[in-house]
Each structure stands twice: as structure tokens, then as C-alpha cells.
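> model this:
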Amino acid sequence: MEKVMIVGCGAYMDGGYGCPGEWRCLKAAALGEGNYENPSQAISFVKCECPGRALVSNIGMAMKLSEIKPDKIYLSSCLVNAKPGCPYVTPDEMMEAIQAKFKIPMIKGTHDYH
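Prediction:
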């Protein structure tokens, strides 16, 4: 089973902007729905907190503490599709920084639930 990490938008989850939290991302991973090719094991869920300066180091810490390197890292649907978008960094810039550090395949979006 593929091991995945999910990166979510802390502002959307904590601020009530239409994302009730990580349950939809976790459901999609478990069932292999949305952007998951097969059922996957979510080994960590990291929230990006504004302005995002600590995201890459927090991802590294999540891998260190879990002692599991994910096969893929997914940016959550709420992070990728945020309206308005993040004023600090685009999803593409975020993916570039994460991939440059960890060399792990990145996927934009987790699910298409409404």
C-alpha cells in the first residue's frame, strides 16, 4: 500500500472557509478516490500555517517523528483550490520547494468531494 503525506491549508481548516478539516482527504486516501490511484495509507497530515515559512521544515519533522518516508506528498484540495488563494505562496511554488528538499513526487489535490 502506498504511503502518503497530506499538506493542508491551516487557514481554511481552522477558519471555517468550507473545509471541515482533514477527514475528506483521509477518506479519499483510504478509498483510493479523487487523485489517489489506489487506496493509500496516510502516514502524516501537515498543516501549512501562514505565512508558510516553516512548512518545509515541518514536513521534515513529520517524516523524522513518524520514521516513515512517504511515497508521495499531496497538497490538499482546499489548499490547491483556495478562493481567495494564499497571499504568500502559490501551490506550484510550494510544490517546487517541497520537491527540491525531499525529492518525493507531488500531487495537486486530494479529492473532488463537494
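> my read is G34 is in a strand, agree?
No. Secondary structure assignment (DSSP: H, G, I helix; E, B strand; the rest coil) places G34 in coil, not in a strand.
> I figured it hits K108, correct?
No. Using C-beta atoms under 8 Å, G34 is not in contact with K108; the gap is 11.2 Å. Where you see a C-beta, it was placed from the backbone N, CA and C, and this is true even at glycine.
> need the helix or strand of this protein with the lowest average pLDDT.
Of all helical and strand segments in the chain, the minimum by mean pLDDT, DSSP states H and E falls on helix 10-15, at a mean of 80.
> And the contacts of the helix or strand following it?
Next along the chain after helix 10-15, taking DSSP states H and E as the criterion, comes helix 23-31. With contact meaning C-beta atoms under 8 Å, 6 or more residues apart in numbering, helix 23-31 is reached by 4, 6, 8, 33-36, 39-42, 45, 74, 76-77, 110-111, 113.
> hang on, isn't F45 packed against M5?
Yes. Between F45 and M5 there is a contact under C-beta under 8 Å: 7.5 Å.
> More neighbours: which of those two?
M5 (24 against 19; other C-beta atoms under 10 Å).
> so the more buried one bridges to which residues?
Note on M5: beta-bridge partners S44, I73, judged by DSSP bridges.
> Count the neighbours of the nearest residue to E37 once chain neighbours are set aside for me.
Nearest-residue entry for E37: E2, 7.8 Å, with adjacent residues in sequence omitted and distances by C-beta to C-beta, 6 or more residues apart in numbering. Neighbour count for E2, taken as other C-beta under 10 Å: 16.
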